[in-house]
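Asker: Return a 3D structure for these sequence lines:
(chains A and B, ligands or ions: 2)
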Amino acid sequence: MNANLAPTLPETRTSGADLELRGITKRFAEFVAVKDLDLLVPSGTFFALLGPSGCGKSTTLRMIAGLEAPSEGSISIGGEDVTSLPSHKRPVNTVFQSYALFPHMSVLENVAFGLKRKKDPEAMAKAQAGLEMVELAHLANRKPAQLSGGQQQRVALARALVNRPQVLLLDEPLGALDMKLRRQMQLELKTIQTEVGLTFIHVTHDQEEAMTMADTVAVMNEGRIEQMGPPRELYELPRTAFVANFLGKSNLMRGEVTGKRAGLLEVDVAGHSVLLPEDRAVQTSGQVVVGVRPEKITIDRTSSGAAHNELSGTVIDVSFTGTTTEYLVDVPGIGRIGTFSQNRGQQPAAVGDTVYLYWEADYSFGLAGDERMDAGVEQ
Amino acid sequence: MTQTISKSGLSDLRSKDEIRAERRKGRTGIYLVAPGLLVLALFFALPVVVLLAMSLYVKPPGAEIGEFVPGFEIGNYMTVLSAYWPELLRSFWFALIATVLALLIGFPMAYLVAVRLREKPLLQGILLVLLIAPFFSSFILRTQAWKQILADEGFIAQALKFVAILPADGHLTATPFAVVAGLTYNFLPFMVLPIYANLGRLDTRLLEAAGDLYASPMNSFFRITLPMSAPGIFAGTLLTFIPAAGDYVNSALLGNNRNTTMIGQVIDSRFFKVIDYPGAAALSFVLMVSILVLVTIYIRRFGTKELM
Ligand SMILES: Nc1ncnc2c1ncn2[C@@H]1O[C@H](COP(=O)(O)OP(=O)(O)OP(=O)(O)O)[C@@H](O)[C@H]1O
Ligand SMILES: [Mg+2]
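Answerer: Ligands and ions are numbered 1, 2, ... in the order given. This next block holds a predicted model:
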């Protein structure tokens, strides 16, 4: 892990607790599901774990919940080592990816289960309130099998939330909900999290969800965390090709550093000169990969007149999305570059047109030269 | 258009095709159960009727042994009931104890094989075969073997005498203990298999969820595993209790003593030794009806809804 990318978050007034994973490795027989994971999540943080299927997100949550023992490393919650504590003694609750509702109990009994185990005298009232929060109070007496997938998911959410655990683990808790309900639950979750100050670890496939809700986002790949930080930092300054491609889209070009001046690296990319701030580059000499986000690029029929960070090519695909028009431009020697422009009534470029693409040097970011440029590209 | 649709209105909404399809479905069902119904009529309903008729036969004056003529002698029931009600009660009592013991022994076995050994399919398979293995040998032979095991010269009796749990002149065979032990042993697989089948489907992620919600393993067992295995326990107890109550092999081989006689043994001797067909038939009928009543009460109390 890059030490300088550790999250810097203000301490909030909380009933949550710090969560710390040190050197966590999980092996299933030969297969390594999680590799030497170090993670510090300060109390009261909304922490999102993002990554492709099978990268070890659920396994990480299961180790925090105490449902899986790490092969190596230790876990502490609120400064207390819980590595060998069984799950029922950990101040942690989980919203399971599979919901895992108890089929022989009513919805209300499901939600009250944890409260009753803690001998909360107001268990039933709190459970009822929890159901109201997820707008399912009218179905309190049904059995889980009589609910739709989205309703079951909300019951699972209520069942974990009503316990107000120091750390709440959410394994894709909103996956089965439609867009409207999803936004509503996102707001609800965020409100509860900030009001009560709980520590949330939220696993999701939805990067927009991760970016809008989380204080800190970690991108996980093949059992390790590729990069971690505030959403904006992660988006604007990805440190690996995987993050650049998995979190939003990126245009990546391989080149050779040919010179430095005034804090900028000059990179030769297939004969074009591209400038890159030295402090935004992982590597400052030899072969590097230069990246730029599509929305940072201006597409124009005429050249900007600048000698740097301008490419020209032929439009090979145009798609109109309403607010924007997206373009795919083939640049000789580099390949395809994607970009888009706001629809402000201008005449859009057409397939076959020759266009100029340019962007400010400050928007470039630099990755190691040996990166696979298609790492993390979603099919 | 009104928003409310009456019940009849709803059925009007179904097209002719739909109604025809539904009828066809109903007819298919009848074709499918017809052979079964025929077999039941032939091999169950008919014998029961014959049995009922037989239980009311009368012995004509000066008849030979085994000679009876059709009649309507309700007194047959009074006679056998007043003579054999202790054996009837004992049968249910022994069957009940054996069922409870089989549950206490069988549940942990089923749980071990079905849940705990899920990750070890080889061991699971071996133990499952061992559970079923008794079915491959004769019931009577196995009971005979138990007689040897519990015999006065057998190591169990010797060992118990050595530690003075059993008095020096005590026996294990020809005691209620031996009969109940035999019943428990012989009907154990009937208890284990339904519970095994049920626990095999138990989603262990529910136990993880319970643990995550602060339930200790013990708590999870009683609140999740046990209630969810209720249908298996229900089937197992019925499959054990019903044959055990009517059994005569165990009481004959392991008991054969006045205070171990069960009703099946009485019926057996009425039929084949005393040649009192109406008495035997009346007792069989009483046994059948009592089991039916007990089982109905049991199903009413614990069955149906709770099992879903
Ligand atoms: N009990 C297990 N035995 C063997 N391999 C396992 C086990 N549990 C998980 N794995 C493997 O570990 C890897 C990580 O699994 P995990 O469930 O953590 O993925 P995930 O990131 O949550 O994926 P998804 O987004 O699809 O839920 C997967 O390759 C999976 O096959
Ligand atoms: Mg998962």
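Asker: my guess is A:L168 contacts A:V196, does it?
Answerer: No. Counting by Cβ atoms under 8 Å, A:L168 sits too far from A:V196 to count as a contact (9.5 Å). Backbone N, C-alpha and C define where each C-beta goes, glycine included.
Asker: In chain A, which residue sits nearest ligand 2?
Answerer: At 3.0 Å from ligand 2, A:S58 is the closest residue in chain A, using Cβ to the ion.
Asker: helix or strand for that residue, which one?
Answerer: Assigned by DSSP states H and E, A:S58 falls within helix A:57-65.
Asker: Quick one: list the elements packing against that helix.
Answerer: Counting contacts by 3 or more Cβ pairs under 8 Å, 6 or more residues apart in numbering or on different chains; DSSP states H and E, helix A:57-65 packs against strand A:19-28, strand A:31-41, strand A:46-50, strand A:92-95, strand A:167-171, strand A:199-204.
Asker: Could you confirm whether the first one reaches ligand 1?
Answerer: It refers to strand A:19-28. Yes. Part of strand A:19-28 sits near ligand 1 under the criterion Cβ under 6 Å from any ligand atom, namely A:F28.
Asker: Let me see the mean pLDDT of that strand.
Answerer: Taken as a whole, strand A:19-28 has a mean pLDDT of 95.
Asker: likewise the last one?
Answerer: Along strand A:199-204, the predicted confidence averages to a pLDDT of 93.
Asker: can you map out the strands along the stretch 101-250 of chain A?
Answerer: Secondary structure of the stretch 101-250 of chain A (DSSP state E, counting those that start in this stretch): strands at A:167-171, A:199-204, A:216-221, A:224-229.
Asker: mind giving me JSON lines with those and columns for mean neighbour count and distance to ligand 1?
Answerer: Formatted as JSON lines, the strands of the stretch 101-250 of chain A follow (neighbours: other Cβ atoms under 10 Å in any protein chain shown; distance: least, Cβ to the nearest ligand atom, whole Å):
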{"stretch": "strand A:167-171", "mean neighbour count": "25", "distance to ligand 1": "7"}
{"stretch": "strand A:199-204", "mean neighbour count": "25", "distance to ligand 1": "7"}
{"stretch": "strand A:216-221", "mean neighbour count": "24", "distance to ligand 1": "7"}
{"stretch": "strand A:224-229", "mean neighbour count": "23", "distance to ligand 1": "12"}
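Asker: In CSV: the ones you listed, plus distance to B:V293.
Answerer: As requested, these are exported to CSV (distance: least, Cβ to Cβ, whole Å):
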stretch, distance to B:V293
strand A:167-171, 51
strand A:199-204, 56
strand A:216-221, 63
strand A:224-229, 67
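Asker: Out of the ones you listed, which gets nearest to A:M63?
Answerer: Ranking the strands of the stretch 101-250 of chain A by proximity to A:M63 (Cβ to Cβ) places strand A:167-171 first, at 10.2 Å.
Asker: The closest one vs ligand 2: in contact?
Answerer: No. If you take Cβ under 5 Å from the ion as the test, strand A:167-171 misses ligand 2, and the best it gets is 5.7 Å.
Asker: could you give the angle of that strand to strand A:199-204?
Answerer: Computed with axes from the mean of the first three to the mean of the last three Cα atoms, to 10 degrees, the direction of strand A:167-171 lies at 10 degrees from that of strand A:199-204.
Asker: Near chain A, which residues of the stretch 201-308 of chain B are found?
Answerer: Residues of the stretch 201-308 of chain B lying near chain A by Cβ under 8 Å from any Cβ of the partner chain: B:203, B:205-206, B:208-217, B:219, B:223-224, B:227-228.
Asker: Show me the contact partners of the helix or strand following the helix holding A:S58.
Answerer: Going down the chain from helix A:57-65, the next helix or strand is strand A:72-77, by DSSP H and E. Contact with strand A:72-77 is made by A:17-25, A:36-37, A:63-64, A:81-83, A:90-92, A:166-167, as judged by Cβ atoms under 8 Å, 6 or more residues apart in numbering or on different chains.
Asker: State the pLDDT value of the residue nearest to A:R90 when sequence neighbours are not counted.
Answerer: Nearest residue to A:R90, sequence neighbours excluded (Cβ to Cβ, 6 or more residues apart in numbering or on different chains): A:G66, at 4.9 Å. You'll see A:G66 listed with a pLDDT of 95.
Asker: quick one: A:G66 from A:S84, how far?
Answerer: As judged by Cβ to Cβ, to the nearest Å, A:G66 and A:S84 stand 9 Å apart.
Asker: quick one on the thing from earlier: comparing the helices and strands packed on helix A:57-65, which comes out most buried?
Answerer: Comparing the helices and strands packed on helix A:57-65 by mean neighbour count (mean count of other Cβ atoms under 10 Å in any protein chain shown), strand A:92-95 comes out on top with a mean of 28.
Asker: Now do it: which elements does it pack against?
Answerer: Packing partners of strand A:92-95 (3+ Cβ pairs under 8 Å, 6+ apart): helix A:57-65, helix A:149-161, strand A:167-171, helix B:204-212.
Asker: can you list the residues of chain A near chain B?
Answerer: Residues of chain A lying near chain B (Cβ under 8 Å from any Cβ): A:65-67, A:86-89, A:92-94, A:96, A:98, A:100-104, A:113-114, A:117-118, A:159-160, A:163.
Asker: Now narrow these to whatever sits close to ligand 1.
Answerer: Among the residues of chain A next to chain B, not one lies near ligand 1 by Cβ under 6 Å from any ligand atom.
Asker: Any of the residues you listed buried? List them.
Answerer: By neighbour count, with 16 or more other Cβ atoms under 10 Å in any protein chain shown, the residues of chain A next to chain B hold A:65-67, A:87-88, A:92-94, A:96, A:100-102, A:104, A:113-114, A:117, A:159-160, A:163 as buried.
Asker: thinking again about what came up before, Throw together a ChimeraX command that grabs the buried residues out of the residues of the stretch 201-308 of chain B next to chain A.
Answerer: In ChimeraX, a selection of the buried entries from these looks like this (16+ other Cβ under 10 Å):
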select /B:206,208,209,210,211,212,213,214,215,219,223,224,227,228
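Asker: what's the burial count for B:R90?
Answerer: Counted with other Cβ atoms under 10 Å in any protein chain shown, residues neighbouring B:R90 total 20.
Asker: for the one 3 residues further on, same thing?
Answerer: Using other Cβ under 10 Å, the number of residues around B:W93 comes to 14.
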